[in-house]
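J.: Build me a model from this:
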Amino acid sequence: MGKSTLINNVELFNGKDNKTIKGNILIENNLIKKISEQPIETDDPETEIIEGQGKFLMPGLIDAHWHAYMAANTMIDLLTADTSYPQIKAAKEAENTLLRGFTTIRDAGGPVFGLKRAIDEGIVNGPRIFPSGSLISQTGGHGDFRAVYDIPHPFDCALTHTEKIGAATIADGVDAVTVAARNNIRLGASQIKLMVGGGAASLYDQLEDSQFFEEEIEAAVKAAEDAGTYVMVHVYIPEGIARAVRAGVKSIEHGHLIDEPTMKLIAENDVWICVQPFTKDDNTYPTPKQQEKHEMIVNGTDNTYKLAKKYKVKLAWGTDLLFNPENTKKQNQGIGKLTNWFSNFEILKMITFDNGTLLGLSGRRNPYPGEIGVLKEGAFADMLLLKKNALEDINVLDSPQDNILIIMKNGNIYKNILQP
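T.: Numbering: from 1, shown residues only. I've put the predicted structure just below:
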């Protein structure tokens, strides 16, 4: 018999339903074996028994737009450091991410295949990672980190540093995009990430730019669908969003400058939108132009959430913190900001069950086949025990160091400060 853990006397929120039950939960190996309001008997003398003291048990948090490598490093680290240094920083940050209660993240671009493998093999601690691999960008697009003196494709020049380390791939034209998408899948991507609009951090584009022709986006979609998965796209503006939806994209990332007809189009096509409740202090940029673009994004947040609620689109949540390692400590604070638009239950469901459902779109490319984001029999044993009921006080998640008593991922306990 494998390892088993029995947690007695908890107030259990399953991630999906607007209620709790008072009961007990048995974990065998990495799966939830039984949930019951009645006492659970176990005939295994090696079972670890934890008295939950009536505390609040919920699924582990899921960040559906995290950059495990880029959040841990500055842009200078990415461009100039020996490649081992930013990877070590990313590994340390992965451990911190797990200790903030995030048992799963969807990585929205960057060189994390090695980090994922190290976590899965137990070499370092960290969340489950659904990797996108290298960002795919057009020349001059949001993922073009090259210096102005780098010679652009298609002149058979040597790969630039960011391409060599797997941070971003520049692909212009249907053939190049097809190769880039297929190569990310070859390396282990669970979904494909394209940059189809301008961004705040990028140097060469405007926020209002549309990027990639529709046939280029469609090429990535076809490559992903052939592999059983989907495409997620960075984009803010209506034109770029509509182009992506027409091309078959399943997940819109950001969308802060969207208009009503485009949100209606998202709803009609059963497409997800993963929004971040950005505020001005979330990111600071070195140039006034970049900061101006960031403030345009922030100013569109309220309208985006209101339209999403009006048309009942499939909403996911993520943080998108990058290039400022000090900001990673704010990951949990992005949850509380959602109270401007959603109830505590809606928030908890979004950051667990809903995000887990979105990640399930990776189909046969799912690196962790099974159910995440929910506490039910047969699901993965990813869960948090909190000091207080998060349905009553969502801000309990703001201070994970003090308020998360137990962190379990895949049946293993990574933190336990529950006092006997």
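J.: need the strands for the stretch 301-420 of the chain, in chain order.
T.: In the stretch 301-420 of the chain, the segments counted as strands under DSSP state E, counting those that start in this stretch are 314-317, 383-386, 404-409, 412-416.
J.: Next, format those strands as CSV and append mean pLDDT, mean neighbour count and distance to Asp259.
T.: Where C-beta positions appear, they are placed from N, C-alpha and C, glycine not excepted. CSV is the format used below for the strands of the stretch 301-420 of the chain (pLDDT from 0 to 100; neighbours: other Cβ atoms under 10 Å; distance: least, Cβ to Cβ, whole Å):
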stretch, mean pLDDT, mean neighbour count, distance to Asp259
strand 314-317, 98, 22, 17
strand 383-386, 98, 25, 38
strand 404-409, 98, 23, 39
strand 412-416, 98, 16, 44
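J.: Distance to Val221 added to those strands, as a markdown table?
T.: Converted to a markdown table, those look like this (distance: least, Cβ to Cβ, whole Å):
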| stretch | distance to Val221 |
| --- | --- |
| strand 314-317 | 18 |
| strand 383-386 | 35 |
| strand 404-409 | 32 |
| strand 412-416 | 37 |
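J.: out of those strands, which comes closest to Leu12?
T.: strand 383-386 (9.0 Å; Cβ to Cβ).
J.: Give the other helices and strands that that closest one contacts.
T.: When contacts are defined as 3 or more Cβ pairs under 8 Å, 6 or more residues apart in numbering; DSSP states H and E, strand 383-386 sits against strand 56-59, strand 404-409.
J.: Excluding chain neighbours, give the residue nearest to Leu115 in space.
T.: Ala90 (5.5 Å; Cβ to Cβ, 6 or more residues apart in numbering).
J.: Quick one: list the elements packing against whatever helix or strand that neighbour lives in.
T.: If you go by DSSP states H and E, Ala90 is part of helix 84-99. Where contact means 3+ Cβ pairs under 8 Å, 6+ apart, helix 84-99 is packed against helix 75-80, helix 113-120, strand 404-409, strand 412-416.
J.: So for the residue most central in space within the chain, what's the pLDDT?
T.: The structure's the chain has its C-alpha centroid closest to Ala64; by Cα atoms, centre = their mean the separation is 2.3 Å. Looking at Ala64, its pLDDT is 98.
J.: hmm, back to that, I'd like the helices and strands packed on helix 84-99 laid out as TSV, including distance to Asn24.
T.: Compiled in TSV, those are given as follows (distance: least, Cβ to Cβ, whole Å):
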stretch	distance to Asn24
helix 75-80	46
helix 113-120	29
strand 404-409	14
strand 412-416	16
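J.: Using the three-state scheme, assign the nearest residue to Glu48 once chain neighbours are set aside.
T.: Closest residue in space to Glu48, ignoring its immediate chain neighbours: Thr5 at 4.7 Å, by Cβ to Cβ, 6+ apart. Following DSSP: H, G, I helix; E, B strand; the rest coil, Thr5 is assigned to strand.
J.: I'd guessed Thr5 sits against Ile27; true?
T.: Yes: in this structure, Thr5 is within contact of Ile27 by Cβ atoms under 8 Å, at 4.5 Å.
J.: what comes up buried for the helix or strand of the chain at the bottom of the mean pLDDT ranking?
T.: The weakest-scoring helix or strand in the chain, judged by mean pLDDT, DSSP states H and E, is helix 161-164 (a mean of 82). Going by neighbour count (16 or more other Cβ atoms under 10 Å), the buried part of helix 161-164 is Thr162, Glu163.
J.: Would you tell me what the next helix or strand after that helix is?
T.: Immediately after helix 161-164, counting by DSSP H and E, sits strand 168-170.
J.: Compute the inter-axis angle for the following helix or strand past that following strand and helix 113-120.
T.: Counting by DSSP H and E, the next helix or strand C-terminal to strand 168-170 is helix 174-187. Relative orientation of helix 174-187 versus helix 113-120 (axes from the mean of the first three to the mean of the last three Cα atoms, to 10 degrees): 20 degrees.
J.: Okay, buried residues for helix 174-187 please.
T.: Quick answer for helix 174-187 (16+ other Cβ under 10 Å): Val174, Ala176, Val177, Thr178, Val179, Ala180, Ala181, Arg182, Asn183, Asn184, Ile185.
J.: Thought Ile136 was touching the third one, still the case?
T.: Yes: distance between Val177 and Ile136: 6.5 Å, which falls inside the contact criterion (Cβ under 8 Å).
J.: Touching both of these two, which residues are there?
T.: Contact criterion Cβ atoms under 8 Å, 6 or more residues apart in numbering; residues shared by Val177 and Ile136: Ala171, Leu194, Ala220.
J.: Which residue comes closest to the last one once chain neighbours are left out?
T.: Spelled out, that is Ala220. Here the residue nearest Ala220, using Cβ to Cβ, 6+ apart, is Ala181, at 4.4 Å.
J.: quick one, what contacts that neighbour?
T.: With Cβ under 8 Å, 6+ apart, Ala181 has these contacts: Ile136, Ile192, Ala219, Ala220, Ala223, Ala224, Val231.
J.: same deal with Met383?
T.: Counting by Cβ under 8 Å, 6+ apart, Met383 has contacts Ile25, Leu57, Met58, Pro59, Gly60, Thr103, Leu375, Ile406, Met408.
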